[in-house]
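Asks: predicted model and sequence follow; I will ask about them next.
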Amino acid sequence: PLETSQVKFDPFQAHSNQGTPFWLSSAGVGYFLPTYNPMSYSINDNENGKFKVSVRETNNIDIQLLINDNATEVYRNFAKTAGLPQTVPPKGFFEKPMFNTWIEYMKNIDQEKVLEYARKIREEEFPCEVLMIDAGWAPIHGEYEFEKEKFPDPKAMIDQLHEMDFKLLLWISPYVRKEAANYDFLESNGYFIKGPDGKEPGKIKWWGGNDYELDMSNPEAFNWFMGKLRHLQRTYGVDGFKQDGGDAKYIPEDYHTFADAGPNRSTDYWAKLGEYFDYNEYRVSWLMQSSGLVQRLRDKHNTWTRESGLGSLIPHGLTNSLIGYSYFCPDMIGGGDAKDFRDPDYKGMGTELFIRWTQASALMPMMQFSYAPWNLDKNAVEICRKYAQLHEDLGSYIYQLALQNGETGDPIARPLFYDHPDDEQAYLISDQFMLGMRFLVAPVLKEGAVERDIYLPEGLWKDYWSSKVYKGKKWLENFPAPIDVLPLFIKLD
């Protein structure tokens, strides 16, 4: 219920994660503005009880009112209006957990560490197909070759990874440091986003530094960058790319692009790169629903909080689903914000937090490890392995939901109200979710908790672990959930 809060975004941009100018009401009304113009919105600002949208720099506004019987039908209407995914990511994204080097090694990565990490995944019997090398494989932002001292023979490394049945993705961004070997060529050809004068490259302040951004709305710049990525594929056998950066927020509104794109459209030009690679991942988009890209939830903090830690995982993921980005991957288990792990007060990965995070991720469309589970004690490793294998066990079902999403728009992970739009109680729950119509998932999200209250919508529900059957449209109060248990129910009717 948005009137219980106060929301204001000015400007409203694709920053940090996927965003789309679409709002959904339980009354059966949707409000969609498919525009790239600068805009803002607020809900209940100053407790005025109003929803307000402002679109600037335009002579007309295309407002699409979607009116249906209930919120679910409105969403299906929106999904078709925005565009159903034209492609579905490969099975391996859905059927097995991913592993990423970022938190385990940060930028201190090299060829032997990658191979060691891969071998341990196999030795510890964690299912995995997609493996990512995050930042640190190249010498500097804007250079697209492996750093020779750290990766003396990248082709041999990738050949070994392929022999172990991994697909390898490399981290990339659109930013170029002035010291990069490519800078002079890119500057002289006008391949950067320009500053206010429309002539000189405009400096971009992003979380990785103060650099220059490739203008992907320029076909020549796009093709030049694509050539660099194809070279990595042909020469070394790289399978795909994890795209990062490109946030609209980093591009000042008075900057200039080749296609006069503006910040939000520039974000989508960068996202479009992923359409050329089966193995892709990105975390920012505006109107890219039809592309069917793997969309990562933004970096989470190594905490339990609802604002930006474990507690934010479900509401964030369900929000992604309800703006048409169903192929989402939660952030790295245990959190992916590097600042937490570099903090002098960091006391090490909390075992309980890591286990509960693994459980909460296990039945989302995708799941992703970085911090190695085998760093924990033996019992914790066994629990984490159990839920990684549960994800694999249900992988075929998850992939079928992904295929269905491409045909109907129905989300893979969805809020309880999606299949029960007449149940008012279902709209109030943001710490449980459904995996398709069949599985109800109720993770433990509070530190020290070994039980929780669970709402079952109408119908008959079987406890996945005990096979006990419960009649729905009621609460199960203080339902037991010791550290090794993820509450999970199967719908029987």
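Replies: Cool, got the structure.
Asks: going forward, measure contacts between C-alpha atoms and count neighbours the same way
Replies: Will do.
Asks: pretty sure residue 363 contacts residue 391?
Replies: Yes: the pair residue 363 / residue 391 is scored as a contact, 6.0 Å apart, by Cα atoms under 8 Å.
Asks: pLDDT score assigned to the residue nearest to residue 153 when sequence neighbours are not counted?
Replies: Spatial nearest neighbour of residue 153, excluding adjacent residues (Cα to Cα, 6 or more residues apart in numbering): residue 111 at 7.9 Å. On pLDDT, residue 111 comes in at 98.
Asks: equivalent analysis for the one 10 residues further on, please.
Replies: In this prediction, residue 121 carries a pLDDT score of 98.
Asks: surely it is within a strand?
Replies: No: looking at residue 121 with DSSP: H, G, I helix; E, B strand; the rest coil, it is helix, so not inside a strand.
Asks: what's around it, how many residues?
Replies: Residue 121 is flanked by 17 other residues according to other Cα atoms under 10 Å.
Asks: which ones are touching it?
Replies: Shown in contact with residue 121 (Cα atoms under 8 Å, 6 or more residues apart in numbering): 127-128.
Asks: the one 3 residues further on too?
Replies: Contacts for residue 124 were tallied using Cα under 8 Å, 6+ apart; they are residue 374.
Asks: any weak-confidence spans in the stretch 251-400 of the chain?
Replies: Applying pLDDT under 70 to the stretch 251-400 of the chain picks out no residues at all.
Asks: which residue ranges form the strands in it?
Replies: 279-281, 295-296, 328-329, 368-369 (DSSP state E, counting those that start in this stretch).
Asks: now these as a markdown table including distance to residue 249 and mean neighbour count?
Replies: Below are the strands of the stretch 251-400 of the chain laid out as a markdown table (distance: least, Cα to Cα, whole Å; neighbours: other Cα atoms under 10 Å):
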| stretch | distance to residue 249 | mean neighbour count |
| --- | --- | --- |
| strand 279-281 | 20 | 24 |
| strand 295-296 | 18 | 26 |
| strand 328-329 | 21 | 26 |
| strand 368-369 | 26 | 26 |
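Asks: how about CSV for those, with distance to residue 157 added?
Replies: Formatted as CSV, the strands of the stretch 251-400 of the chain follow (distance: least, Cα to Cα, whole Å):
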stretch, distance to residue 157
strand 279-281, 19
strand 295-296, 26
strand 328-329, 26
strand 368-369, 21
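Asks: out of those, nearest to residue 36?
Replies: strand 295-296 (19.7 Å; Cα to Cα).
Asks: counting by contacts, list what the closest one packs against.
Replies: Under the contact criterion of 3 or more Cα pairs under 8 Å, 6 or more residues apart in numbering; DSSP states H and E, strand 295-296 touches strand 328-329.
Asks: next, count neighbours for residue 277.
Replies: 16.
Asks: wait, what's in contact with it?
Replies: Residue 277 sits in contact with 239-241, where contact means Cα under 8 Å, 6+ apart.
Asks: just to revisit the earlier point, I figured the residue nearest to residue 153 hits residue 152, correct?
Replies: Yes: look at residue 111 against residue 152 with Cα under 8 Å: they come within range, at 7.4 Å.
Asks: between the two, point out the one with more neighbours.
Replies: residue 111 (20 against 14).
Asks: for the more buried one, give its distance to residue 305.
Replies: Per Cα to Cα, to the nearest Å, residue 111 is found 36 Å from residue 305.
Asks: looks to me like residue 210 is in a strand.
Replies: Yes: assignment of residue 210 by three-state DSSP places it within a strand.
Asks: excluding its backbone neighbours, what's nearest it?
Replies: That would be residue 204: by Cα to Cα, 6+ apart, it lies 5.5 Å from residue 210.
Asks: in the sheet, who's paired with that neighbour?
Replies: On the basis of DSSP bridges, residue 204 is bridged to residue 211.
Asks: okay, the residue nearest the centre of the chain and residue 322: tell me how far apart.
Replies: The structure's the chain has its C-alpha centroid closest to residue 296; by Cα atoms, centre = their mean the separation is 1.5 Å. Counting by Cα to Cα, the gap from residue 296 to residue 322 is 15 Å.
Asks: repeat for residue 216
Replies: Counting by Cα to Cα, the gap from residue 216 to residue 322 is 28 Å.
Asks: next one: residue 13
Replies: Counting by Cα to Cα - residue 13 and residue 322 are separated by 17 Å.
Asks: quick one: stretch 37-46 to chain centroid distance?
Replies: From the chain centre to the centre of stretch 37-46 is a distance of 24 Å (Cα atoms, centre = their mean, to the nearest Å).
Asks: hmm, who's touching that stretch?
Replies: Counting by Cα under 8 Å, 6+ apart, residues outside stretch 37-46 touching it are 2-3, 5-13, 49-58, 262, 264.
Asks: select from those residues every entry located in helices.
Replies: With helices taken from DSSP state H, the overlap with the contacts of stretch 37-46 comprises 262, 264.
Asks: sort out which of the contacts of stretch 37-46 are buried, if you could.
Replies: For those, a neighbour count by 16 or more other Cα atoms under 10 Å gives the buried set as 12-13, 55, 262, 264.
Asks: quick one: which of those is nearest to residue 337?
Replies: Closest to residue 337, out of all of the buried ones among the contacts of stretch 37-46 and judged by Cα to Cα, is residue 13, at 21.2 Å.
Asks: so which of residue 216 and residue 322 has more stuff around it?
Replies: residue 216 (29 against 26).
Asks: so how far is residue 233 from that one?
Replies: Distance from residue 216 to residue 233, by Cα to Cα: 20 Å.
Asks: please apply the same query to residue 450.
Replies: 48 Å.
Asks: same check, this time on residue 213
Replies: The value you get for residue 213 to residue 233, if Cα to Cα is used, is 23 Å.
Asks: tell me which of the two has more neighbours.
Replies: Set side by side, residue 213 and residue 233 show more neighbours around residue 213, with 26 against 15, by other Cα under 10 Å.
Asks: skipping adjacent residues, who's closest to the more buried one in space?
Replies: Excluding the flanking residues, the one nearest residue 213 by Cα to Cα, 6+ apart is residue 175, at 4.5 Å.
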